[in-house]
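A.B. asks: The following block contains a protein sequence and its predicted model.
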Amino acid sequence: MIEIQNLTKTYAGKVQALRDINMTIGAGMFGLVGPNGAGKTTLMRIIAGLLRPSGGIVHVFGHDMQTADGKHAAKSVLGYLPQELGLYPNLTGREFLDYIAILKGVTDSQQRRQQIENLLETTRLDDVADRRLKTYSGGMKRRIGIAQAMLGDPKLLIVDEPTVGLDPEERVRIRNLLSDMASHCTVILSTHIIEDISHSCNDLAIINKGQVFFRGKPGDMIGLTQGKVWNIVTSGERPNNGLIVVSTLQVQDGVQYRVLGTPDEAYHATAITPSLEDSYIWLMHEAQQDQPVNTAKPVSA
């Protein structure tokens, strides 16, 4: 269990990255969603004990992250994958994991070797384990990053934008890998790719401008846009009158638009079931308009 109360973070120059964050995160996969610069990375670095907050309380499995002992205890059960992981290009994948395992305190050579072999197999890197890291593709580098985070059997795994820049096959592979991890530890997944959340997370929060803008389950979030998502077919003219166009599709009779809002009767719009992406786009639109959102009650997974 991770408990966050009245958390704030202000950087030099009075840049307020986090504003009064309150939430509880339980077991399973937790999604942290929001645009770039929303404060996601700052929040995760505070949870990981890498950054000191300006105010508020963070407890990770009962450990107070404001104390040295609390940070030490929490880090002993933590796996962390930052968005930009520094790799040693001339080390092989196996050598890199061996080095990180020693740093994490896995000093028994037999135990360390067994963990590394298991993780290489889990991340499907066993066939390239003896290649130098500088020869790895982007997807391989993200997988070796997840493998190093999983060393030591962490109870909490924090991953920051793990699928950015990857092809669809690699994204699916990493999503499945993280979902498997979430069956026996808490996983916090930070991303702005809504598809990753919709396939993986049973609980989520949207952060915008350093504040929690929505907190609940994916189904709760989708429910907020029920009756607001429509298909409109035109001969090519783009729907307007305040509608948000989510996607376009060429069809036999013209162009089909997926829109959010309340269309005029003249459009002969057809109501459709909203997706998580529809709901995210709608909520971000509301945020830009400074509109309050009737979010679900905070829940623990």
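C.D. replies: Looks like it came in fine.

A.B. asks: Do you have the helices of the stretch 101-250 of the chain handy? List them.
C.D. replies: Along the stretch 101-250 of the chain, the stretches classed as helices by DSSP state H, counting those that start in this stretch are 109-122, 138-150, 168-181, 194-200, 218-223.

A.B. asks: Which one, of those helices, ends up nearest to L43?
C.D. replies: helix 194-200 (15.8 Å; C-beta to C-beta). In short, each C-beta sits where N, CA and C put it, glycine included.

A.B. asks: rounded to a whole number, what's the mean pLDDT of that closest one?
C.D. replies: What helix 194-200 shows for mean pLDDT is 84.

A.B. asks: likewise stretch 47-66?
C.D. replies: Rounded mean pLDDT across stretch 47-66 is 94.

A.B. asks: do stretch 105-116 as well
C.D. replies: Average pLDDT, stretch 105-116: 93.

A.B. asks: hmm, who's touching it?
C.D. replies: Contact with stretch 105-116 is made by S76, R94, L97, D98, A101, I102, L151, G152, D153, as judged by C-beta atoms under 8 Å, 6 or more residues apart in numbering.

A.B. asks: Tell me how many other residues crowd the closest residue to L91 other than its chain neighbours.
C.D. replies: In this structure, L91 finds its nearest non-sequential neighbour in L133, 5.8 Å apart by C-beta to C-beta, 6 or more residues apart in numbering. Close neighbours of L133, defined as other C-beta atoms under 10 Å, add up to 18.

A.B. asks: Enumerate every residue touching L133.
C.D. replies: Counting by C-beta under 8 Å, 6+ apart, L133 has contacts L87, Y88, P89, N90, L91, T92, G93, F96, K141, I144.

A.B. asks: please redo it, this time with the cut-off set to 10 Å
C.D. replies: L133 is in contact with L87, Y88, P89, N90, L91, T92, G93, E95, F96, M140, K141, I144, counting by C-beta atoms under 10 Å, 6 or more residues apart in numbering.

A.B. asks: I'm done for today, thanks for sticking with me.
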